[in-house]
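*Asks:* Any chance you can model this:
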Amino acid sequence: MNTKHNRDTVSGNKIPNSNCTNSTSGYELTVIVPVYDEEDNISALEEKLSSFLSQSATATCVLLVNDCSKDRSKDRIVEVCNRNEHFYYISLAKNSGLSAALKAGIDASFSKYVGYIDADLQTAPEDFNLLIPHLDDFEMVMGIRANRKDSFVKNLSSRIANGFRRFMTKDGIEDTGCPLKIIRTDYAKRMPLFTGMHRFLPALILLQNGRIKQVPVRHFARVAGKSKYNLRNRLVAPFIDCFAYRWMKKRYINYQVSENNIEK
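*Replies:* The predicted model follows:
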């Protein structure tokens, strides 16, 4: 993939597309940002994501997914989208959790690639530019958090959960919890939705025989808002979800169509 904008075919940050399914189909990459009760982070999100869009190595838009926040996150999101050309949003009817919000964003995206970053900005949007050059050769390119800035308890619980998940899934992924990821959209749309899906994105791509590249990225301490994770949902829930994944893996159907007369 040419990582420079073609000035003859790109208008601003958008790629013209006469077969638009929705606004995201005019871009090469849609960055999905699940949001739940993050009103204190919305201004920083707008600033950091706007800065990234101006320097993105490919035509990119942002899709903010409001997971039925109880605070003023939705109002702030609407304001951001009204004043920024390449920002879009969807809002879920009820609070459904991170996996559902992420899958809703994927299902609503029609760009060639979908990216994922958390609203807490503990990873930097501009580090997507470290992942983009590898997209020609891999179906998923993901970050590995270098020099993590989390507490000792959070780091330890994350290490334990990652180790157990690697043992159960055999995916060989060093840091599945890093939220900085880019996935080919056709592969992302085929991932089954289940509670805890976001913990198994690499494993779900491997089920489709996809290739994965891991790239070191920066990590920062949370500066605003409140973490939604505790010891229970960082250790107990992933432990249970691993067994659910193992059950699903044995029954997963992976097929490819070799010929059709449907597409014109």
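
*Asks:* Now do the same contact list for the closest residue to residue 66 other than its chain neighbours.
*Replies:* Counting by C-beta to C-beta, 6 or more residues apart in numbering, residue 91 is the residue found nearest to residue 66 once chain neighbours are left out, at 4.1 Å. The C-beta positions use only the backbone N, C-alpha and C, and glycine is treated the same way. Going by C-beta atoms under 8 Å, 6 or more residues apart in numbering, residue 91 touches 65, 66, 68, 74, 77.

*Asks:* Backbone dihedrals for residue 91, please?
*Replies:* Backbone torsions of residue 91, given as degrees, to the nearest 10, read phi -130, psi 130.

*Asks:* Tell me which stretches of the protein form helices.
*Replies:* Assigned helices in the chain, in chain order: 42-55, 73-83, 98-107, 128-131, 152-169, 185-189, 201-206, 231, 237-251 (criterion: DSSP state H).

*Asks:* Dump those helices into CSV; add distance to residue 217 as well.
*Replies:* Below are the helices of the chain laid out as CSV (distance: least, C-beta to C-beta, whole Å):
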stretch, distance to residue 217
helix 42-55, 13
helix 73-83, 24
helix 98-107, 18
helix 128-131, 6
helix 152-169, 15
helix 185-189, 19
helix 201-206, 15
helix 231, 25
helix 237-251, 21
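
*Asks:* For residue 35, which of these is the nearest?
*Replies:* helix 73-83 (5.3 Å; C-beta to C-beta).

*Asks:* and the angle from that closest one to helix 42-55?
*Replies:* 30 degrees (axes from the mean of the first three to the mean of the last three C-alpha atoms, to 10 degrees).

*Asks:* list the helices and strands helix 73-83 packs on?
*Replies:* With contacts taken as 3 or more C-beta pairs under 8 Å, 6 or more residues apart in numbering; DSSP states H and E, helix 73-83 sits against helix 42-55, strand 60-66, strand 87-91.

*Asks:* out of those, nearest to residue 123?
*Replies:* Taking those one by one with C-beta to C-beta, helix 42-55 is closest: 10.1 Å.

*Asks:* Lowest mean pLDDT across the helices of the chain, which one is that?
*Replies:* Here the lowest mean pLDDT among those goes to helix 231, at a mean of 51.
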